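J.: how would this look folded up:
(one chain, ligands or ions: 2)
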Amino acid sequence: MENFIFQNPTKLIFGKGMIGQLAKEIPAGKRILVTFGGGSVRKNGVYDQVKEALKGFEVTEFWGIEANPKIETLRKAIELGKEKKVDYLLAVGGGSVIDGTKLISAGILYEGDAWDLVLKGCEKHTLPLGTVLTLPATGSEMNSGAVISRKETAEKYPFYSNYPVFSILDPTVTYTLPPYQVACGIADTFVHVMEQYMTTPGQSRLMDRWAEGIVHTLIEIAPEVLRKQDNYELMSEFMLCATMGLNGFVAMGVRQDWATHMIGHELTALHGLTHGATLAIVLPGLWRTLKQKKMAKLVQYGERIWHIDQGTDEERADKAIQKTEEFFKSLGLPTRLGDAGIGEETILEIQKRFTQRQVAFGEDQDVTAEIAGQILENCK
Ligand code: NZQ
Ligand code: ZN
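T.: Numbering: from 1, shown residues only. Ligands and ions are numbered 1, 2, ... in the order given. I've put the predicted structure just below:
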């Protein structure tokens, strides 16, 4: 096990009706900027619950943080926050609203253009932020990451910001999610765990078991969650899987990959493809490309998750990759570039971008532009 420091300050408030707790979590007298996406929260009652819970606070609303939040939109929210002198933020929505609000919380305290913060990070100077999560997927409700896009240049970059002070997770608010978003959320959670797991075995038995526990749970609940979305117990499990998948709990003392995500972000930046859908395409292709290097862990994964206990290591690894791709297909997601209408020119463009940026992703920083190109070729 490698040395590590673990500290996750986010308070989780979980369960039916818990949005009503909001007022207890925000200090009296705060001037709050509440941020939203495109309006789903008006239809499912979340907006009314938030409004009711915040009675008595000075509240400014900002609407319209889009999926894959854009700096062009967030600049407007930052301007509004400065004008209203807000000193607390509340994000109500999915990962995009929460990520965007992390940037707003830093941008309000920053004199220059907020895009600078995306490029250099903004861990120190941020306003406090709480969240009401409506989409289990990103883990943004309990981590310090965010991913921001820039429309004019079709770029999308991750950066590190602040942890939410608290996050409210009421599984009943997920009942209105479009099935495609549920599928993408399951895939995103699955791949978050794999980015922290699929390196080499023998680093930590405990991290391996916890990671396998999350993935196992996802595979078990996925068919039922997709069939019947208003099952409280199952949506609770899904929500908790998503949060635990990317809040540092399965990352202690182990190496991490993240190349699938970095390549997936380019597919979203260039084609607007939903985040989880990009991962369902890239992960199997990355494993096909890096099979020799990840062989021992693929075999462990295949045996423990898919009960593959026959054949040579190579045959077992192949089977594990095939089972994973079939799982993504069973969610109704594309698993090949062609399924999403993405062709050769995108592979060349991503390779060009990565060459210019001199990228080196993966647990050994050996996924260069050239290897990323091979991975994408293996996603055809
Ligand atoms: O905008 P509204 O109208 O609210 O609709 C949203 C949006 O269209 C809708 N939705 C959300 N909750 C709903 C709902 N519709 C009905 N009922 C509900 N309860 O779902 C659509 C997608 O929402 P979005 O927030 O974009 O999805 P997600 O949570 O998957 O977030 C994706 C973003 O997070 C980033 C991704 O790159 C992408 O930009 N990520 C953030 C991470 C992090 N902060 O740690 C890690 C991830 O790897 C990921 O990269
Ligand atoms: Zn992700």
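J.: Tell me, how many residues neighbour residue 158?
T.: Residue 158 has 15 neighbours, counted by other Cβ atoms under 10 Å. Backbone N, C-alpha and C define where each C-beta goes, glycine included.
J.: any idea of the pLDDT on it?
T.: With respect to pLDDT, residue 158 scores 95.
J.: got it, and residue 369?
T.: At residue 369, the pLDDT recorded in the model is 98.
J.: Provide a list of residues in contact with the residue of the stretch 201-350 of the chain found nearest ligand 1.
T.: As assessed by Cβ to the nearest ligand atom, ligand 1 sits closest to residue 275 within the stretch 201-350 of the chain, at 3.9 Å. Residue 275 sits next to 68, 95, 137, 138, 184, 188, 264, 265, 268 when contact means Cβ atoms under 8 Å, 6 or more residues apart in numbering.
J.: Setting aside sequence neighbours, what's the nearest residue to the first one?
T.: This points to residue 68. residue 149 (4.8 Å; Cβ to Cβ, 6 or more residues apart in numbering).
J.: give me the beta-bridge partners of the one you found?
T.: Beta-bridge pairing of residue 149 under DSSP bridges involves residue 70, residue 156.
J.: one step back: tell me how far the residue of the stretch 201-350 of the chain closest to ligand 1 lies from residue 281.
T.: 11 Å (Cβ to Cβ, to the nearest Å).
J.: Spit out the residues that contact these two alike.
T.: residue 264.
J.: Kindly report the residues of this protein close to ligand 1.
T.: Where the chain comes near ligand 1, counting by Cβ under 6 Å from any ligand atom, the residues are 37-41, 44, 67-68, 93-97, 99, 134-135, 137-140, 143, 145-147, 173-174, 176-177, 181, 185, 188, 246, 261, 275.
J.: repeat that for 5 Å
T.: Proximity of the chain to ligand 1, by Cβ under 5 Å from any ligand atom, involves residues 37-40, 67-68, 93-96, 99, 134-135, 137-138, 140, 143, 145-147, 176-177, 181, 275.
J.: count of residues packed around residue 359?
T.: The burial count for residue 359: 19, using other Cβ under 10 Å.
J.: which ones are touching the closest residue to it other than its chain neighbours?
T.: Nearest residue to residue 359, sequence neighbours excluded (Cβ to Cβ, 6+ apart): residue 369, at 6.2 Å. Neighbouring residues of residue 369 by Cβ under 8 Å, 6+ apart: 351, 352, 354, 355, 358, 359.
J.: In helices only, show me those.
T.: 351, 352, 354, 355 (DSSP state H).
J.: Pick out the most distant pair among these.
T.: 352 and 354 (7.5 Å; Cβ to Cβ).
J.: Looking at these two, which one has more neighbours?
T.: Neighbours per residue, other Cβ under 10 Å: of residue 352 and residue 354, the larger number sits with residue 354, 22 against 12.
J.: what's the spacing between the closest residue to the more buried one other than its chain neighbours and residue 357?
T.: Excluding the flanking residues, the one nearest residue 354 by Cβ to Cβ, 6+ apart is residue 369, at 3.6 Å. Per Cβ to Cβ, residue 369 is found 8 Å from residue 357.
J.: repeat for residue 158
T.: 13 Å.
J.: and what of residue 1?
T.: 32 Å.
J.: ditto for residue 54
T.: From residue 54 over to residue 357 (counting by Cβ to Cβ), the distance is 42 Å.
J.: Residue 157 now?
T.: Counting by Cβ to Cβ - residue 157 and residue 357 are separated by 10 Å.
J.: These two: which is more packed in?
T.: More neighbours surround residue 157 than the other of residue 157 and residue 357, with 16 against 10 (other Cβ under 10 Å).
J.: so what's that one up against?
T.: 118, 119, 147, 148, 265.
J.: give me the number of residues near the residue nearest to residue 68?
T.: Applying other Cβ under 10 Å, I find that residue 149 has 26 neighbouring residues.
J.: tell me the contacts of it?
T.: Residue 149 neighbours (Cβ under 8 Å, 6+ apart): 68, 69, 70, 71, 155, 156, 268, 269.
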